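Quick check, what structure comes out for this input:
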Amino acid sequence: MMVIGPQLNLTEKEAWIANIVSVVSTIFMRFIIGPMCDTYGARRLQAGLLIFGGVMVIVAAVAVRDATSLIVMRFLIGAVGGALVPCQYWNSEMFVKELAGTAQAISAGWGNLGGGVTQMVMPLLYTLCLNGMSSKNAWRYALLFPGGACLLCGVCVPRFADDTPRGNITALVEDDTIQKPSTTTSAREGFSQPVAWMLAFQYGCCFGVELTVNNMLATHFTEEFELDMVTAGTIASLFGATNLFARACGGCISDRMNKTYGFRGRLGCQAGFLLFEGIMLFIFSRISDSIATSIVLLVMFSLGVHGSEGTTYAIVPYVKPSATGSVSGVVGAGGSIGAVLWGLIFLFRGSMAPLDCLTIVSLIVIASSLSTFFILVQDQPGLLFSPTSSKRHRGDIS
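Numbers count the residues shown, from 1 in each chain. Alright, predicted model coming up:
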């Protein structure tokens, strides 16, 4: 936005609207794609989203000429954000529940790592393109790289991957090896689970916060500490770079806690990571006089937010196994809904400073950690009490 905004004469309000609408399309896509995963499998759906997203990014390089066209293209490109759902569902098909936290967290964490890489690589690509063209064209040519990468991945996925360890969904259904529910049945079963919506709220308090912070970090360091675009982008990329290991750590710790303490261990892990995230975000939003301190707090906050994402999806396969895709869609959409709500705080903040908006968000995150006490999954113990009797032993989730 630091480059595109001035060229398109964007107001701050228009920039935030563009950020928000990109997440709105993600919400719709995640609700739609979740039940479809239970019926058709993840492979083809993932490929379709990547190809669509790649095409839209390349079209945006040509089509964006003003605020309206930017907002429209951000909305269309945002649909590719629905790819999180088939990604997470795919892992639940490939791995047993005992490893659900680690497997899903590694794949999604490395996917979210793209947010940090983008903060660092896109300014560099733009700078390289400036060597042979004007600034008005340089950012357009730079967009061809991520667009091409999406297209390449979308083409490779159906060619080199399978839906399950036993083969592709279509062949397994035709051979009567498995039975898949209809999309409407999956949606009805998954969307009716109160726990799914509770996890959606908590995912909005981690993934939703991540999206919002990604949209404002580079600008924050540029304006607050008067850094150039490349330096600010590099510092901002640290927030996403911890996805390389932080989300995986959250999932792995959840798996280990489940092995030692059963499902109650997963819930305790969830509450702890969310609480740590909220506290670190609160401190980050209150201390801005030192760039070194801000960077340290940013990294600590990123560990909490990404770890929370890993612990959240480690719980998803337990909620309704026959409608895991729909549950995954609800939770994923909750993350995007959170991003929209936090974005609206920034959009209508008036004279309030951006860091004060983050303070408000941090208090909501802290409150979300306490809501873990109300997560009650059928045949699993709660954090303090169990609503139904269960004969399962610690760590036994078969």
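
need the contact list for residue 177.
Applying C-beta atoms under 8 Å, 6 or more residues apart in numbering to residue 177 gives the contacts residue 166. All C-beta spots, glycine's among them, are computed from the backbone N, C-alpha and C.

how close does it get to residue 164?
Distance, residue 177 to residue 164, by C-beta to C-beta, to the nearest Å: 10 Å.

Please enumerate the shared neighbours of those two.
By C-beta under 8 Å, 6+ apart, no residue touches both residue 177 and residue 164.

buried set for stretch 334-349?
When neighbours are counted by 16 or more other C-beta atoms under 10 Å, the buried residues of stretch 334-349 are found to be 334-343, 345-347.

Return the alpha-carbon coordinates of that stretch using CSV.
The C-alpha coordinates for stretch 334-349 follow below in CSV (Å, rounded to 0.1, in the frame of the first residue of the first chain):
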residue,chain,number,x,y,z
GLY,A,334,-14.0,-17.4,12.1
GLY,A,335,-10.3,-16.3,11.7
SER,A,336,-11.3,-14.2,8.7
ILE,A,337,-14.3,-12.7,10.5
GLY,A,338,-12.0,-11.7,13.3
ALA,A,339,-9.8,-9.9,10.8
VAL,A,340,-12.8,-8.0,9.5
LEU,A,341,-13.9,-7.0,13.0
TRP,A,342,-10.4,-5.9,14.0
GLY,A,343,-10.1,-4.0,10.7
LEU,A,344,-13.3,-2.2,11.4
ILE,A,345,-11.8,-1.0,14.7
PHE,A,346,-9.0,0.6,12.7
LEU,A,347,-11.4,1.9,10.0
PHE,A,348,-13.7,3.8,12.5
ARG,A,349,-11.1,4.6,15.1
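
quick one: contacts of that stretch?
Stretch 334-349 is contacted by residues 13, 16-17, 19-20, 23-24, 26-27, 30, 81, 84, 197, 199-209, 211-212, 215-216, 309, 354, 356-357, 360-361 when judged by C-beta under 8 Å, 6+ apart.

Please repeat the previous calculation with a cut-off of 6 Å.
16, 19-20, 23, 26-27, 200, 203-204, 207-208, 211-212, 357, 361 (C-beta atoms under 6 Å, 6 or more residues apart in numbering).

Just the ones of the residues you listed in helices?
Members of those lying in helices (criterion: DSSP state H): 16, 19-20, 23, 26-27, 200, 203-204, 207-208, 211-212, 357, 361.

Which pair of those residues spans the longest distance?
The most widely separated members of these, counting by C-beta to C-beta, are 16 and 200 (22.8 Å).

So which residues of the stretch 1-150 of the chain form helices?
Along the stretch 1-150 of the chain, counting by DSSP state H, counting those that start in this stretch, helices occupy 4-8, 12-40, 43-63, 67-78, 84-94, 100-129, 135-142, 144-160.

per-stretch mean pLDDT over the ones you listed, give me the minimum one.
For those, mean pLDDT drops lowest on helix 100-129, to a mean of 83.

for that helix, packing partners?
helix 84-94, helix 135-142, helix 229-241, helix 246-261, helix 291-319 (3 or more C-beta pairs under 6 Å, 6 or more residues apart in numbering; DSSP states H and E).

Spit out the contact partners of residue 285.
Neighbour list for residue 285: 355, 358-359 [criterion: C-beta under 6 Å, 6+ apart].

If we use 7 Å, what do you get?
The contact partners of residue 285, by C-beta atoms under 7 Å, 6 or more residues apart in numbering, come to 355, 358-359, 362.

number of nearby residues for residue 121?
Number of residues near residue 121 (other C-beta atoms under 10 Å) recorded here: 16.

now residue 226
9.

Repeat that for residue 314.
By other C-beta under 10 Å, neighbour count at residue 314 equals 28.

Residue 145 now?
Residue 145 has 13 nearby residues by other C-beta under 10 Å.

any idea how far residue 117 is from it?
Taken as C-beta to C-beta, the span from residue 145 to residue 117 is 11 Å.

Over to residue 54?
16 Å.

Compare these two and say which is more crowded by neighbours.
residue 54 (22 against 16).

Now the more buried one: closest residue in space that isn't a chain neighbour?
Counting by C-beta to C-beta, 6 or more residues apart in numbering, the nearest residue to residue 54 once its immediate chain neighbours are dropped is residue 150, at 3.1 Å.

Identify the residues contacting residue 119.
218, 233, 236-237, 240.

Would you convert those residues into CSV that also reports pLDDT, distance to residue 5 and neighbour count?
Shown next, in CSV, are those (pLDDT from 0 to 100; distance: C-beta to C-beta, whole Å; neighbours: other C-beta atoms under 10 Å):
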residue, pLDDT, distance to residue 5, neighbour count
218, 84, 12, 26
233, 83, 14, 23
236, 86, 16, 27
237, 84, 19, 22
240, 83, 21, 24
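
Could you point out which of the residues you listed is nearest to residue 48?
Nearest to residue 48 among those, with distances taken as C-beta to C-beta, is residue 240, at 25.3 Å.

circling back: which one of the helices of the stretch 1-150 of the chain is the most hemmed in?
helix 84-94 (a mean of 25; mean count of other C-beta atoms under 10 Å).

Now do it: which elements does it pack against?
Here helix 84-94 touches helix 12-40, helix 43-63, helix 100-129, helix 324-347, going by 3 or more C-beta pairs under 7 Å, 6 or more residues apart in numbering; DSSP states H and E.

what's the spacing between it and its chain's center?
Distance, stretch centre to chain centre, for helix 84-94: 14 Å (C-alpha atoms, centre = their mean, to the nearest Å).
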